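>>> here are the coordinates; sequence isn't available:
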């Protein structure tokens, strides 16, 4: 039985999704893959970092979180007052970074990832900020330290688009990627296509938990911009500043425009796109686009996401799947862990 | 610079597609991936096997094929009278099997693959027969010999569906796969949806080279059955005999049925499906199905293919892309070679 020790930073929706999967998949992973994944530490900004050399009791952790009690109540653990103190004090095989996304400076995730890679730990992250803002630097740091940095969950959660582009299509020389990479705006535009007003749909989405109380990051396209930055970094090794992505959100889209498009046999979608131009520079945009029905993206509705990859050898390949969610994002983290474990 | 030596068996549409890619991608692979892929031998039933320890002149090979002259005219090569004699006489890193598919007994590809794996060569194959008929045995043989067997191109050519299911979605525990895996029948059904008759469309497809002179393997669903057998083998480790796949082709589908479906807001598609039942057994079918427009598969037209993978963690993930073609299939072989090379 091979063993992989994992440290988890961030125990919110995403971190708990991974923890649940590690619990429910444990037997299957041991029997089918000959792999024992142990969660040896969990850190959160609120609780600090707890560590157990022989692995934490995941069911106990989830129960404490469920009861909104501090994780430090878990028995038989060592305690560190901060995540970075924990990262410095012991060394697991893989650090999983699942703190919240911060698109201004990538912190605190960026510091966590830098520290772990520098110490020769593999890193798996669902955190968009560090990859969007410093992906090239971090990948280089990983190479220098002989470890891997994987980030499937940063675009379309666990729906495999980054591994598909980089590994499944290896050698295809992708020239462009365009897609629906934000579930909230796609939910809103899909509902507007059925004849409802923006404001009404937004309120409904907020009530259902599909949209944040402050929906700016989604509806003004900032979340999609971060994903365009990640795609440019990974597909073209071209980092982009947020200001280099031409951005228009959906707040100006009216019910009339959506219905007019429908009548013309089209669908309005918020499309993020990156394209490598002949000179090597990257053109990146986030904007509402009228798509003809022949485009597979036109039929992606609700909270589903999709990405079309254009290449010389495969014309266009489209991947459609869920773009958010606790288990869905945890799934991407698990797939990355398994890729590093090589099983 | 790492070096990988490749032997190619079969120099038809698929083999030539890979050869062209190895030629046009050479510089990029060396510069971007630090990998030098050398084609050290090519074998075909007609020409026998030619070998050059330092790599064959690929441009020269393609020129000879273009002029319909025997490959043995290539200078500075060693000659073996048969593929198997060649496989026994020298050992490259990877054998690429690209001979024609034979769904009765898998030969001659099956013997080539067995021989190469037994000698400790990795194998990459685009040949459906051996994987459909003996996939479990061959994967076991690969494991016993510490080498890899990869087969991305056997389903949907180079569109990455097998790597997506097995690697990108690692740990997702796929419960079912259903899709459009035959381009000829999808081309015919798409044209019938525009109001044309089966016989007329078939004749047109034959004239354009989309359908064989004897279209039985496509229109009666045998090709899709082979792909269902491959999917069951790889996703569920459950080999199926062809007779275990319930099969209905498209020859009985009338223009009236297609139009009636359209009027009801549906599309008739030839769907191959495999599903793991609660008892562990696999239900496999190939049949025309009326799909509602909410199904992404309903919008896949012409020669494009698509596969939907159902799992607990990602609900449904759909991959749409080309399902045939020389460069498209060569692309899948190249991606498999790069995966084995680990670059």
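Looks like it arrived, so ask away. Keep in mind it's a predicted model, so treat the numbers as computed, not measured.
>>> CA only for contacts and neighbour counts going forward, please
Fine.
>>> Provide the secondary structure category for residue A:175.
Secondary structure for residue A:175, judged by DSSP: H, G, I helix; E, B strand; the rest coil, is strand.
>>> Just confirm it contacts residue A:275, I think it does.
Yes - at 6.0 Å, residue A:175 counts as touching residue A:275 under the criterion of Cα atoms under 8 Å.
>>> okay, those two: which has more neighbours?
Per other Cα atoms under 10 Å in any protein chain shown, whichever of residue A:175 and residue A:275 has more neighbours is residue A:275, with 21 against 18.
>>> Provide a list of residues in contact with the more buried one.
Neighbour list for residue A:275: A:175-177, A:282-284 [criterion: Cα atoms under 8 Å, 6 or more residues apart in numbering or on different chains].
>>> any idea which element it lies in?
When secondary structure is defined by DSSP states H and E, residue A:275 falls within strand A:266-276.
>>> what does residue A:136 give?
Element membership for residue A:136 (DSSP H and E) is helix A:128-144.
>>> and the helix or strand following that helix, average pLDDT?
Sequence-wise, the next helix or strand downstream of helix A:128-144 (DSSP H and E) is strand A:149-150. Averaging pLDDT along strand A:149-150 yields 98.
>>> and strand A:149-150, what other elements does it pack with?
Using 3 or more Cα pairs under 8 Å, 6 or more residues apart in numbering or on different chains; DSSP states H and E, the elements in contact with strand A:149-150 are strand A:122-125, helix A:128-144.
>>> can you pull out the helices in chain A?
A:13-24, A:26-33, A:58-66, A:83-89, A:109-118, A:128-144, A:162-163, A:183-192, A:198-208, A:216-219, A:222-236, A:255-263, A:326-341 (DSSP state H).
>>> Which one of these lies nearest to residue A:313?
Closest approach to residue A:313 among the helices of chain A is made by helix A:222-236 (15.5 Å; Cα to Cα).
>>> follow-up on the earlier one: please convert the helices and strands packed on strand A:149-150 to TSV, extending it with mean pLDDT.
TSV is the format used below for those (pLDDT from 0 to 100):
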stretch	mean pLDDT
strand A:122-125	98
helix A:128-144	98
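>>> Tabulate the helices of chain A (TSV), appending mean neighbour count and distance to chain B.
What follows is these, written out as TSV (neighbours: other Cα atoms under 10 Å in any protein chain shown; distance: least, Cα to the nearest Cα, whole Å):
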stretch	mean neighbour count	distance to chain B
helix A:13-24	21	9
helix A:26-33	14	8
helix A:58-66	15	18
helix A:83-89	17	27
helix A:109-118	21	20
helix A:128-144	21	13
helix A:162-163	24	6
helix A:183-192	25	12
helix A:198-208	16	19
helix A:216-219	18	22
helix A:222-236	25	11
helix A:255-263	17	15
helix A:326-341	25	5
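>>> Same list (these) but as JSON lines, adding distance to residue B:99.
Converted to JSON lines, the helices of chain A look like this (distance: least, Cα to Cα, whole Å):
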{"stretch": "helix A:13-24", "distance to residue B:99": "42"}
{"stretch": "helix A:26-33", "distance to residue B:99": "32"}
{"stretch": "helix A:58-66", "distance to residue B:99": "51"}
{"stretch": "helix A:83-89", "distance to residue B:99": "53"}
{"stretch": "helix A:109-118", "distance to residue B:99": "45"}
{"stretch": "helix A:128-144", "distance to residue B:99": "39"}
{"stretch": "helix A:162-163", "distance to residue B:99": "29"}
{"stretch": "helix A:183-192", "distance to residue B:99": "44"}
{"stretch": "helix A:198-208", "distance to residue B:99": "54"}
{"stretch": "helix A:216-219", "distance to residue B:99": "51"}
{"stretch": "helix A:222-236", "distance to residue B:99": "33"}
{"stretch": "helix A:255-263", "distance to residue B:99": "48"}
{"stretch": "helix A:326-341", "distance to residue B:99": "31"}
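>>> List the neighbours of the lowest-mean-pLDDT helix or strand in chain A that are in contact with it.
Least confident helix or strand, chain A: helix A:83-89 with a mean of 90, by mean pLDDT, DSSP states H and E. For helix A:83-89, the external contacting residues (Cα under 8 Å, 6+ apart) are A:9, A:43-45, A:48-51, A:80, A:112, A:115-116.
>>> hmm, 7 Å instead?
A:43-44, A:48-49, A:80, A:112, A:116 (Cα atoms under 7 Å, 6 or more residues apart in numbering or on different chains).
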